[in-house]
Structure formats: structure tokens, C-alpha cells
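Asker: With the sequence up front, the predicted model follows.
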Protein chains: 2
Amino acid sequence: MEYKFSDKLASLKPSAIREIFKSLTDPTIISFAAGNPAPESFPVRELEKIGADIFANSPTAALQYSITEGYPQLREAVADRLKNKFSIGSDNDVTIITSGGQQGIELACKVLCSEGDAVICENPSFIGALNAFRSNGAVTVGVPLDDDGINADALEETIKNTPKAKMLYLIPTFQNPSGITMSEEKRRAVYRLALKYGLIIFEDNPYGELRFSGKDIPTIKSMDTEGIVIYCSSFSKILSAGMRVGYVCAPEPIISKMVVAKQSEDVHTNIFFQMLCCRYITEYDLDAHIDGIRKLYADKCALMLGCIDKEIPADKVSFTRSDGGLFIWGTLKCADDCSPLVKAAIEKKVAVVPGATFNCDTSLPSPSFRLNYSTPSDEQITEGIKRLGEAVRELYK
Amino acid sequence: MEYKFSDKLASLKPSAIREIFKSLTDPTIISFAAGNPAPESFPVRELEKIGADIFANSPTAALQYSITEGYPQLREAVADRLKNKFSIGSDNDVTIITSGGQQGIELACKVLCSEGDAVICENPSFIGALNAFRSNGAVTVGVPLDDDGINADALEETIKNTPKAKMLYLIPTFQNPSGITMSEEKRRAVYRLALKYGLIIFEDNPYGELRFSGKDIPTIKSMDTEGIVIYCSSFSKILSAGMRVGYVCAPEPIISKMVVAKQSEDVHTNIFFQMLCCRYITEYDLDAHIDGIRKLYADKCALMLGCIDKEIPADKVSFTRSDGGLFIWGTLKCADDCSPLVKAAIEKKVAVVPGATFNCDTSLPSPSFRLNYSTPSDEQITEGIKRLGEAVRELYK
């Protein structure tokens, strides 16, 4: 039997990262390729306690069908936190629970883009988002990044040249993969541009709370007086990634369509873990817990950067030095394509993600690669960067 | 701000059932409208015990990112059970875990149908599936049901007249909403037709294990020598609906595309509950547990049918008498449109689902309505059918 697939899926490949993740069954490989939170970041004993209480006292509600929008008390707790802590959410906005931030991204594209429509993205950008757009038949159009975020002139040119653009997808804080954070001034300029051209902004902010140095910058959503921003984040990086609980705050008409689409995708998000999440937020000190994660990642990031300074020749590769998030972005100064380095690293049993993975046009080579410091142990960071340094020195003499 | 939505979502309405479900906040309303499993069907104490053990002994694996295909041990347990108990799955088939059966349905359409393609369905059919097809821009084309399943002549005519048909969506056993089960002979005929016209069959079987009388009929998937059947089921009706764990068994090339699409929707299904599910299947007696649910539903169905015989004039309404599943399908003999009855019932505080909800063309009226007996208590069944009988007698004198 020869199978024929939809236009939108026919050419779509699995995410290289997930594939790398799957292939890392060799325990001798040190992986800087994942984007997993550190296991130490899960508040296991607290979740265990709440979980036992839910099984003991409200099992039926936790195991029965629930409503698509999400567990009402969790929605309220999230909306309150967004409002009080980040000035996010107007009277016209509604907050719903999604199956991870990933589902929020995918649903937004589904409700806004017909096949052939375009999503404008930072280039490089999060592969999970790019594939979500492609899997809905949307075209991804990339705009280069400056040190302070997306290039505004290039963005305006791109908008003008992309009449079918329906959405602008941005990760303004600790961008994945580049680690770049958009300045406040740039955020305001981008917001004005989107408004001028009638474009919906999707602000993806999974890493915003993982800042370990520098000052917080207001989200674009907090500037959204006109109802053009969809804000999305999740509990994956602060409570548990495996539970798949995220959320979206956006104008009611958009949310109402996203709910219809979500109904058709999974009816609702695992309700037991929505209850668990809600109880954790309302009964424990989430902010104190997040402070602990920040310190952990500050240390891990500093360790990796220290090793990089020691082991990798600065005249061959440059690295971003982010104030938070999970990633360091390396860029070769001496070559346009990092593929040979990625291969040489794997031979030395170190895995990094080649930058081309994150390009809107994946056929183009990239001199960059992504390193993650949240998942590996300190020993793995030290040893892995040493091996990467050897690979660099052997390849680029 | 005036929002513009994608072609596929612009006209899509929320599922009437979910909306009815949401509106049932009035505790005096007796609902026969849901499709929820009975709370007694959740093996709470066993799940609680396993859950505590997972938190105590493997919290990291249960809270960390996992692979899209699903928890390997659960996939294996499901594939083994399908093979050994139902003769489902050839060497060319692969089994993956989805976020409920709903996601299996939605993913299949996404990978097979471009916008404007068609899915041929039994008419009436499961609203969640119809909306999943619509939300992917596919057209739903209905074929009428006979007492032994889809009308084969009408099906062949429809296939011939629908050149853009890519998938045939069927619920052969205890069909939702009609309760009809397709005969073995009809299943073989439908399989041959699909093969003749190169159509992929999606066999949705969420209720197959809920048989309380009559003999099991082989699934269409068990006849699938040519690799044209996607088989989908879930644990929603036998362990917990709220956990959102389902599965799909299908030829590898189709599964491989579905995995790419799933990656973009939710990365993976809640891993804690995949582990929970796996442990339950492998450490407890699932078949014995299902036997208990069957007895429960046999009693509830018999009770509802007994009340119907007593309270509802047989010359006004006919009812299906199913050998399993969750639903009874009533059809007015004296009117073409049940809307007035549905309204009169709500005034008497009984909720049923109007048949038009399940039509491929929802603008057409339906003389039928759906009753659910798994969710209401015995007292609610007795009182609710009494009220429904009053509504029938008052309306159709």
C-alpha cells in the first residue's frame, strides 16, 4: 500500500531535537542537546503530598471528564498571578489551560492561519513552534535577530512583503535557541509595527521566570492595550515538564476559537495534574521555589561559560551570555556551517544541536549550535565542554 | 479589533454536548446528555496505590519530558493486549499513545487530509470526530445507517461521488450516538469497498469492551491484511476519562506522520498517567475490572429501558436496544424534528442531546435524540425517564 499524506504533513520531518533525544540511548554520550529542566527543579515531595490528598479526597473529579477551558480554580490562580505579578491580562482577556505551551502555539496557528498563510518568526526560532506552524499548512518566514531582539527594519520589510502573514511569533525573553532578550524599546517598536499592519503577536514566554541576572523587562502582552497579543507560558520549566500543563492569556474572541480547536484535539488537559498544579500554586510558595531554580541555573550557566572560556578558543567560536533561560548559543567565527563540528562532537560523545535545525529554511547551513546547561550534571558540563573544545581545536587549527 | 480566523475554524461551533455539559450547573437538572463513564468505574484505590509508588520511586521519569510515541512499556502492554485478545496488529503495524482517543482521530485527519479533502462518516456520528475533521479543513460526508451498520450501497455511491475522500471514519461497535453495531458480514464488505477504492478506514472503538450481551464481533482492524485500517481506542471508558490516555495501532508510515503531528500538538501525553496506566494493566486484572463495568452498565441500561417501556408511549418513540456501550438512541415516530421535545424536556429539567448535533450537515433537523445511562444514578434514571415520558405525552397527544 502506498500512502498519500496531506500537503501540510507530507514534507514535515520529526524535530531533530526529539530525534537526537531518542538516539541518546548511549549512556556514554554527554548531551547538551535537550531542553529539559533539571530534575532537581521538580518539587517532588510537595507534589507527592498533594497527589495523595487528591486520590484520597477528590478522586472522582480528578479522574472524570472535565471542561475544555481547564480546571476553573487553576485558570483563576494563573490569571491572578499573571495580573498581579506581571501586569498581564485586561478585562477583554481570558486565560485557559493547554497541554503544555506547545499546544497553545499550535492552537493559535490553527485558528488564525489557513493553509498557505504565513507566520513571521525570529530566525532562528523554536523548532517546536516552527513545526506546529508547518503542520497546519502555514509558511514560516524568518527575520534576523540583533543583540537586542528581532531586527525591526527587516521585520517591517518582511511584513510588507508577506501579505498572507497572520501572526508574528516571538520569544522575547531568553529566546530559544539564541538566548537573546528583546529590549523594552524594541518590544514597544515591535508592538507598534504589529498594530500598524494588523498582525497578531504570539508572545511565547516559557523561560521568562528563569532570570538569574539583570532586570526584568515588561512582556509585550503587558503593553497590549489593543488586544493583539496572545500570551503563552507553562509550568514545564518551573514545576514539571512531563505533566504537560501550560496556559494562554488572550482576547476572548481568539480564546473562544482556540477552545473549539482544543476540544477537537484532546477534549481537555489531564485534570489530575491541573488540580495538582493549582494546589501547589495556592498552598505553597511558588516564587520561593522558582528562586531556587534560578540559583541552580545561574550556577550551571556560570560553570558552562567558565569551562567554555577555558577550553574553547575565543578566536574560533563566540557564545551568547544570557541572563537566564536554558541555553547558550555558540557561533563559529571561522566557518559558515557547524555541521562538521556537530559530527566531530558526536564522535567525541558530546551532543549539541546544529543551528540549521532552528532555521525557517532548514536547507540553509548555520555557523551556530545550541548548548543546554539545565539537564547535564556539573561533571558532564565540565567533561563535555572539554571534549567540545578538543573537537574545535582539531577541526579549526 | 476585528479578528479574522482561519477558514477551517471560522464557522466551527463548540460541540453542543460540551456546551450542554457546561450549562448543567443547575443541580436540579437530570442529565442524560453526557457520555461520561460512571465514577464507580474508576479503580481509585489501585490507581492511588500505584500513584504513591511512582511518586516515591520514580518521580523524575514521571515528571520529566518524555518521548512523543509514548511510554515504551505502556506501548508494549497495549500492543500485546491488542494482539493476544483481539488479533489486532500485524508486523507492519505500530502502536502509539495519544492524549485520549480524541487526539488519535484528530491526528489521523491532519496527516491524511488537506483542506477541502473529505472524510466519509456514518450519519449520525460522534460530534467530537466530526469537529476534529472540520477543524482540519476537511469536509464531512454522511452515509445513512441500517440496523446492521452503514448502508453499503450508499457508501459505495458516496465514495464514487467524493473523489476527494481520504478517510472513512467508522465506529463499528456500539456506535455513538446510535448504539448500532455493524455485523461481521458488513464489516467484511466495508473493508473490501475501502480496499477497492483506496480509502483508509479509521476504526474508532472506544466502547468495544463494554459489551454486556451478545457475542463479540471481530474488529475491522483484525481483518486488515493490506494495511488500510487505523485502529483507535482509549482507557477513558475503562480506567479514567480525565487522565486522557488513548492509543492508535496503524501501519508504520501512517504512525510515523502522526508522531510528527503529535510532537507539534503536545510533545507527548502526560507521562505520569502513562506509567500509572501501564502499571495497572500489568499488575492488576484489567479484564476482571472491565467485567465489573459491564455488569454495572448492563444494569443501568436495563433500568433505563425498563423505565422507557413503562413511561414512554411506544407508538410515539422507538429506542435502540444495544448490547453494550453507553447510549440509547430515541427516534420520534410522530415528528421529523425532536427540537420541541428537547426543549420541553429541559423545561422539565431533563437534558438529552438532539440528534441534529450528530449530523454531518447540522442544519438538517433530526427526529432522534441520545440518552446516556452510564453517568446518572439509578434514581436519576427513574425520575428522568418519567419526566421525559410526561414531555412526550404532553407534546404528542
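Answerer: Yep, that arrived. Just so you know, these numbers come straight off a predicted model, no measurement behind them.
Asker: Identify the residue spatially nearest to residue A:240, adjacent ones excluded.
Answerer: residue B:63 (3.9 Å; CB to CB, 6 or more residues apart in numbering or on different chains). (Glycine included, C-beta is placed from N, CA and C.)
Asker: Quick one: neighbours of the one you found, just the number.
Answerer: 26 (other CB atoms under 10 Å in any protein chain shown).
Asker: Repeat that for residue A:196.
Answerer: 10.
Asker: Tell me the spacing between it and residue A:145.
Answerer: Distance of residue A:196 to residue A:145, given as CB to CB, to the nearest Å: 21 Å.
Asker: now residue A:171
Answerer: For residue A:171, the distance to residue A:145 equals 10 Å [CB to CB].
Asker: between those two, who's got more neighbours?
Answerer: Each of residue A:171 and residue A:145 has its neighbours counted (other CB under 10 Å); residue A:171 has more, 28 against 19.
Asker: Which residue comes closest to that one once chain neighbours are left out?
Answerer: Nearest residue to residue A:171, sequence neighbours excluded (CB to CB, 6+ apart): residue A:204, at 4.8 Å.
Asker: show me the contacts for the one you found.
Answerer: By CB atoms under 8 Å, 6 or more residues apart in numbering or on different chains, the residues touching residue A:204 are A:101, A:104, A:105, A:126, A:129, A:169, A:170, A:171, A:232, A:233.
Asker: In this structure residue A:269 contacts residue A:247, no?
Answerer: No - using CB atoms under 8 Å as the test, residue A:269 is too far from residue A:247 to be in contact (9.6 Å).
Asker: Comparing the two, which shows the higher neighbour count?
Answerer: Set residue A:269 next to residue A:247 and count neighbours by other CB under 10 Å: residue A:269 wins out with 32 against 25.
Asker: Against chain B, how distant is that one?
Answerer: 7 Å (CB to the nearest CB, to the nearest Å).
Asker: next one: residue A:41
Answerer: Residue A:41 is 9 Å from chain B, where distance means CB to the nearest CB.
Asker: Look up which helix or strand the nearest residue to that residue once chain neighbours are set aside falls in, please.
Answerer: Spatial nearest neighbour of residue A:41, excluding adjacent residues (CB to CB, 6+ apart): residue A:293 at 4.7 Å. Secondary structure assigned from DSSP states H and E places residue A:293 in helix A:286-311.
Asker: Grab the nearest non-local neighbour of the residue of chain A most remote from its centre.
Answerer: What lies farthest from the middle of chain A is residue A:1; by CA atoms, centre = their mean that is 38.2 Å. Nearest non-adjacent residue to residue A:1, counting by CB to CB, 6+ apart: residue B:227, 4.7 Å away.
Asker: residues in contact with that neighbour?
Answerer: By CB under 8 Å, 6+ apart, the contact set of residue B:227 is A:1, B:90, B:92, B:93, B:251.
Asker: pLDDT (mean, whole number) over the helix or strand residue A:168 falls within?
Answerer: Per DSSP H and E: residue A:168 is located in strand A:165-170. Here strand A:165-170 scores 98 as its mean pLDDT.
Asker: State the next helix or strand along the chain beyond that strand.
Answerer: helix A:184-196.
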